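Chemist: predicted model and sequence below, questions to follow.
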Amino acid sequence: MPKTDLATLRNVGKAALADFALLNIHSIAQLATQEPDTLYLALCHATGQRHDPCVHDVLNAAIHQARTGEALNWWMFTPERKVRQAQGTFPHYSP
């Protein structure tokens, strides 16, 4: 697969690929310019529903790999997200 293929990223499976397509993200280079909070909220708005916060972790992991080449498992981003949730700084979606 070419390096531009999002499916080559560690945490990107069928569901994440569908989410990226919905968000009009089609390459690793394009993903590298995104922010996890912005993409998470855009996905919630596009689908009209709040997504599990773990989706944010997957987005964060994919963006991290797109930017740095370092492939970390998505759950490595969970502790930081949980801290942000406790602090009230995690993005909140309301339809």
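Modeler: Good, I have the coordinates. Residues are numbered from 1 along each chain as shown.
Chemist: quick one: contacts for the most centrally placed residue in the chain?
Modeler: By Cα atoms, centre = their mean, the chain has its centre lying nearest to Leu59, at 1.2 Å. Going by Cβ atoms under 8 Å, 6 or more residues apart in numbering, Leu59 touches Ala16, Asp19, Gln34, Pro36, Leu39, Tyr40, Leu43. All C-beta atoms are positioned from the backbone trio N, CA, C, and that covers glycine.
Chemist: low-confidence bits of this structure, can you list those?
Modeler: 1-4 (pLDDT under 70).
Chemist: returning to that earlier point: tell me the one of the contacts of Leu59 nearest Ser27?
Modeler: Nearest to Ser27 among the contacts of Leu59: Gln34, at 11.1 Å, using Cβ to Cβ.
Chemist: so that closest one sits against His26, correct?
Modeler: No. Counting by Cβ atoms under 8 Å, Gln34 does not reach His26; the two are 11.9 Å apart.
Chemist: need the contacts of Leu59 in TSV (columns: neighbour count).
Modeler: Converted to TSV, these look like this (neighbours: other Cβ atoms under 10 Å):
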residue	neighbour count
Ala16	20
Asp19	22
Gln34	18
Pro36	20
Leu39	22
Tyr40	25
Leu43	20
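Chemist: inside helices: which ones of the residues you listed?
Modeler: Ala16, Asp19, Pro36, Leu39, Tyr40, Leu43 (DSSP state H).
Chemist: let me know the closest of these to Asn73.
Modeler: When these are compared for distance to Asn73 (Cβ to Cβ), Ala16 wins out at 13.5 Å.
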